[in-house]
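**Student:** Whatever this is, show me its structure:
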Amino acid sequence: MPGNAIYNEALIMQQALRSWGLRSDIFAERIHPGLQKDVVLYSQYHPQAEDVLLFHYSLGSALSDYLLALPQKLLLRYHNVTPPHFLVGANPWLLTGAAKGRHDLPLFANRTALALADSSFNEQDLVAAGFPQTAVLPLVQPDELFHIQPDSALLNQLSDGRTNLLFVGRIAPNKRQEDLLKTLYFYRQIDPTARLHLVGSEDGAGGYGRFLRTFAQEVGLEAQVQFSGHVSLAQLAAYYRTASVYICLSEHEGFCQPLVESMRFELPIIAYASTAVPDTLGGTGILIQQKHYPVLAELIHMLVTDRAMRESIIAGQTERAAAFATDKLLAEFEGWMTAVLNK
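**Tutor:** Residues are numbered from 1 along each chain as shown. I've put the predicted structure just below:
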């Protein structure tokens, strides 16, 4: 769907491949209506012996079975598969896809010329699955979000002097949005104006989204937590530009692109040190090892009120963000593609 990090990367990689004089087409099992001009159903793919297939892997599917049966050279782009136990409460199709994705990954090991993970954490999955050649290429994303004019109506609405806590990501049990609600509950004891914006789609959320709303109501936060659903790029830019602190308490992330977006928007980050999060932050932001919600509330208050501390955190994050510059990552991608094509 538009705004999905994997689709965004596939599109920007396609543009790069075409600019290098190569033909590139994108095929998928399911296509969001907004992408029908750019993506074709994989059933319409007509294999040619000289083709090189670049497979973006994040869930098990019929497409996985189809590619395993083809003889063409394959490059696997690994975006991580969330372990199924993190998805209890999500829609059944998501749980089933995650289980199949975990099961099928080793089947691609001897089928793949190169497996490119988007984080060191994800590369560990590839090594454990027996892939003979792996490498790390951070998630490649377009720069449009950082240059677009923010949605003016939303920008004005959020610029009312209240403290805005922000989390960006789909509603899903592994993201632990309920822990953000707990944090807000304690932080409002310090700053009663504070509110929380949960920006992200609820596709696949199942009963978890309903649980979050019920929980917010039970602890008196119903009016202080906004579930935005899917938003436009202009709206997303408005959320980032008006946020006071970005807070991530997720317990499973393969890369976590919103951390990079927060760095580039000069938004200080507090994050739980799980899975790929420490890799992506690279020693910047504020990493926490345990979720003590009253302590988290005090930490947020320091970031909001202590200007020197805030500027120090932002300076480190800005320096780290340079590692994810689009042009730099596309140059690395070109190097890996050239190696695969020439092998």
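**Student:** Near residue 290, how many residues? Count them for me, please.
**Tutor:** Neighbours of residue 290 under the rule other Cβ atoms under 10 Å: 8. (C-beta placed from N, C-alpha, C; glycine too.)
**Student:** How about the secondary structure of it?
**Tutor:** In three-state terms, and counting by DSSP: H, G, I helix; E, B strand; the rest coil, residue 290 is coil.
**Student:** Quick check: pLDDT value at it.
**Tutor:** We note a pLDDT of 97 for residue 290 in this prediction.
**Student:** Okay, now the unreliable bits of the stretch 151-300 of the chain?
**Tutor:** The stretch 151-300 of the chain contains no residues with pLDDT under 70.
**Student:** Tell me where it has strands.
**Tutor:** Secondary structure of the stretch 151-300 of the chain by DSSP state E, counting those that start in this stretch: the strands cover 164-168, 195-199, 225-229, 245-248, 269-272, 286-288.
**Student:** Could you export those as a markdown table, including distance to residue 136 and mean neighbour count?
**Tutor:** Output for those, formatted as a markdown table (distance: least, Cβ to Cβ, whole Å; neighbours: other Cβ atoms under 10 Å):
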| stretch | distance to residue 136 | mean neighbour count |
| --- | --- | --- |
| strand 164-168 | 23 | 24 |
| strand 195-199 | 27 | 22 |
| strand 225-229 | 32 | 16 |
| strand 245-248 | 21 | 26 |
| strand 269-272 | 20 | 22 |
| strand 286-288 | 20 | 17 |
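**Student:** thought residue 109 was touching residue 128?
**Tutor:** No: at 10.0 Å, residue 109 does not count as touching residue 128 under the criterion of Cβ atoms under 8 Å.
**Student:** more crowded one of these two?
**Tutor:** For residue 109 and residue 128, the more surrounded residue by other Cβ under 10 Å is residue 109, and the numbers stand at 17 against 10.
**Student:** Which residue ranges make up each domain of this structure?
**Tutor:** Using automatic domain parsing, the domain parsing of the chain gives 5-142+325-342, 144-324.
**Student:** which one of the ones you listed is the most hemmed in?
**Tutor:** Across the domains of the chain, the average number of neighbours (mean count of other Cβ atoms under 10 Å) peaks for domain 144-324, which reaches a mean of 18.
**Student:** Go ahead and measure how far that domain is from the middle of the chain.
**Tutor:** 13 Å (Cα atoms, centre = their mean, to the nearest Å).
**Student:** got a list of what residue 205 touches?
**Tutor:** Residue 205 is in contact with 90-91, 170-172, counting by Cβ atoms under 8 Å, 6 or more residues apart in numbering.
**Student:** Can you list the residue ranges for helices in this protein?
**Tutor:** Using DSSP state H, the helices assigned to the chain run over residues 5-19, 62-68, 92-104, 120-128, 144-147, 152-158, 177-187, 207-218, 233-242, 257-264, 277-281, 293-305, 307-321, 326-342.
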